[in-house]
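A.B. asks: No sequence on hand, only this structure:
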């Protein structure tokens, strides 16, 4: 009898612990992919991208200089890879259905299929890589943090340039060299500046928002 009583006393806490663990696991499995707050953040930053896209300088060969690169990198750094990418996808999708959110208040599939379509379609990839670089930076020591951030931003922008150049060449029938001069070369200096500002300003804004528990 004594042995059985002792067993019961030590078994019940284990059963309670198992139930609590199962409850926590079930709760975690029911967490939504995106919360209501996440959706609000995504909507706000999709709107920010659309607004900054209107600040543009027309170029002779048809590809304008805009603040889209800065806006997308900024969104990826502040929101992270997942939400930053989704915000960019929302921006591209909204423009594709016809809302005038692209540069110079343009929208529709005609813009997507036009000479700048490669840049637009690869914006989500740029956001993903920039966000991943920033997240890797957050989990690294001080020496590696800046390196990972720069790698994510530069690789993301480089892929955006590559996709934009190839698409421009395909749509216009231009050679790769002509497409590089028209769609990439004039934008390298401004992109470097935008990368630097997005990195510094974006990380500062993210730290402030996290500190105030506005974003996680």
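C.D. replies: Cool, the structure landed. What you see is a predicted model, and the numbers here were worked out from it, not measured in a lab. Numbering: from 1, shown residues only.
A.B. asks: quick one, strands of this protein?
C.D. replies: 56-57, 65-66 (DSSP state E).
A.B. asks: Among the ones you listed, show me which one is buried the most.
C.D. replies: Highest mean neighbour count of these: strand 65-66, a mean of 20 (counted as mean count of other CB atoms under 10 Å). (C-beta placed from N, C-alpha, C; glycine too.)
A.B. asks: Paired strands for that one, with orientation please.
C.D. replies: Sheet pairing of strand 65-66 (DSSP bridges) gives strand 56-57 (antiparallel).
A.B. asks: domains in the chain, as residue ranges please.
C.D. replies: Domain assignment for the chain by automatic domain parsing gives 1-31, 36-211.
A.B. asks: Which of the strands of the chain sits closest to residue 171?
C.D. replies: Closest to residue 171 of the strands of the chain, according to CB to CB: strand 65-66, at 18.5 Å.
A.B. asks: Give the full set of residues in contact with residue 69.
C.D. replies: 126, 157, 160, 190-191, 194-195, 198 (CB atoms under 8 Å, 6 or more residues apart in numbering).
A.B. asks: These into JSON lines, with extra columns for distance to residue 213?
C.D. replies: Shown next, in JSON lines, are the contacts of residue 69 (distance: CB to CB, whole Å):
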{"residue": "126", "distance to residue 213": "28"}
{"residue": "157", "distance to residue 213": "31"}
{"residue": "160", "distance to residue 213": "33"}
{"residue": "190", "distance to residue 213": "35"}
{"residue": "191", "distance to residue 213": "33"}
{"residue": "194", "distance to residue 213": "29"}
{"residue": "195", "distance to residue 213": "28"}
{"residue": "198", "distance to residue 213": "23"}
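A.B. asks: PyMOL command for the buried members of those residues?
C.D. replies: Of the contacts of residue 69, the buried ones go into a single PyMOL selection, burial set by 16 or more other CB atoms under 10 Å:
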select buried, resi 126+157+160+191+194+195+198
